[in-house]
Structures are given as structure tokens and as C-alpha cells.
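Asker: Dropping the sequence and predicted coords here.
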Amino acid sequence: MREILRTTDITDLSDRDIPPTFFEVMERGWSLTAAGGRVLTDLCPEAPSTYVDRLTEETTINGRGMTDYDLPAAPDERTPLLVRRCLAYVCACLRKAQEEFGDTQVKAYVSLSFADTEEALLTSNVTFCTPLPDVRPYIPDLEAVTDAAVAEISVEDCSAWS
């Protein structure tokens, strides 16, 4: 992921980089669940579910694959656009979380991997969660992940990109 971020122009990220559906999710902001989970309001299921812990609740509700059907297939064109989309969405959502909760505890996780299809296009997933002292980390050994490029992003990280 470091290499992808190093070689992709991620300066001047803005809301224009966010696909409309994700922009709407970001605009609606955050809510707290009955268990205290920090979740994006628009992504909450209509029928409440039961989760093992808050981490599972947050990552399940907040996790989505980034829109990419409209992007070119060529990796040199696709990768920078997909990365910009993910990071613009992440930064906008993390800023909203900071406003809503008054802290910077919510973290974003962006993963990039190749789809298990004939085309093997680069795809991405974004989720948000709040690290908790009594719950295992979302990705316990982030540096050891080998089947995807993964980044943990805080709201502080976003100031360098926008």
C-alpha cells in the first residue's frame, strides 16, 4: 500500500472524487447503535442484528466495496482513480465522525486487491471502526497482510491529502 500511495497523486482530494452514492452516505453522517457502535447512518440495516462485539458490528455495517464499474480496466488508469475515490470518501467520513463524536478514535481501513475473475481487475473495500482496548484489532498484524494492499487511516492522516 505504501508504494501505491507513494506513486498516486492524492493531493487536493475533494468531495468531487467521491461517487454520488458514497457522497450521500457521508453527508448523512454517523449514528450510535444501541451497543455503542459508531456507524454510518445510511448504512444501518432496517432490522437490527446481533453481533459478537462492537468491532464486528461497526465493520459489518460500515464496510463496502468502492464503486468501480465506471473506471477503466487498464491498471495505470484505474488504480489512481480508485485510490482517490477511496481516500476522498474516507477523509470526508472521518471528518464527519470527528465532528459527531468529538474525538479522532474512528479509523478507516482501505484494502485493494485483484478480483477473483477472469479480468482480475483491481477492486477496493472501505470500512470504519473504533479500536477498543477489550477487543482484538480489526486487522491484528496489518504489516503481515500479503493478499491485499491495506492501509489504516486516521483523520490526522487526511490533512496531508486535502
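Answerer: That came in fine, so what should we check first?

Asker: chain center to the helix or strand of the chain with the lowest mean pLDDT, what's the gap?
Answerer: Lowest mean confidence among the helices and strands of the chain (mean pLDDT, DSSP states H and E): helix 2-7, at a mean of 82. Helix 2-7 sits 17 Å away from the centroid of its parent chain (CA atoms, centre = their mean, to the nearest Å).

Asker: After that helix, which helix or strand is next?
Answerer: helix 20-28 (DSSP states H and E).

Asker: Touching that following helix from outside, list them.
Answerer: Outside helix 20-28, the residues that touch it by CB atoms under 8 Å, 6 or more residues apart in numbering are 15, 18, 40-43, 64, 66-67, 85, 89, 92-93, 96. In short, each C-beta sits where N, CA and C put it, glycine included.

Asker: Spatially central residue for the protein, please.
Answerer: Val126 (2.8 Å; CA atoms, centre = their mean).

Asker: give me the beta-bridge partners of that one?
Answerer: Arg64, Val110 (DSSP bridges).

Asker: I'd assumed Met66 was in contact with it.
Answerer: Yes: counting by CB atoms under 8 Å, Val126 does reach Met66; the two are 5.8 Å apart.

Asker: Touching both of those two, which residues are there?
Answerer: Joint contacts of Val126 and Met66 (CB under 8 Å, 6+ apart) are 86, 89.

Asker: Now do the residue nearest to the centre of the chain against Arg54, distance only.
Answerer: Going from Val126 to Arg54 by CB to CB, to the nearest Å gives 19 Å.

Asker: before we move on, what about Arg64?
Answerer: In terms of CB to CB, Arg64 sits 19 Å off from Arg54.

Asker: Which pLDDT value does the model give the most far-flung residue of the chain relative to its centre?
Answerer: Going by CA atoms, centre = their mean, the residue of the chain most distant from its centre is Glu118, 25.6 Å out. Note on Glu118: pLDDT of 82.

Asker: Ser162 now?
Answerer: Looking at Ser162, its pLDDT reads 62.

Asker: From the contact counts, what lies against whichever helix in the chain runs longest?
Answerer: Secondary structure assigned by DSSP state H gives helix 75-101 as the longest helix of the chain. Contact analysis of helix 75-101 by 3 or more CB pairs under 8 Å, 6 or more residues apart in numbering; DSSP states H and E lists helix 2-7, helix 20-28, strand 30-32, strand 38-40, strand 107-114, strand 122-129, strand 149-153, helix 155-158 as its packing neighbours.

Asker: Alright, that wraps it up for me.
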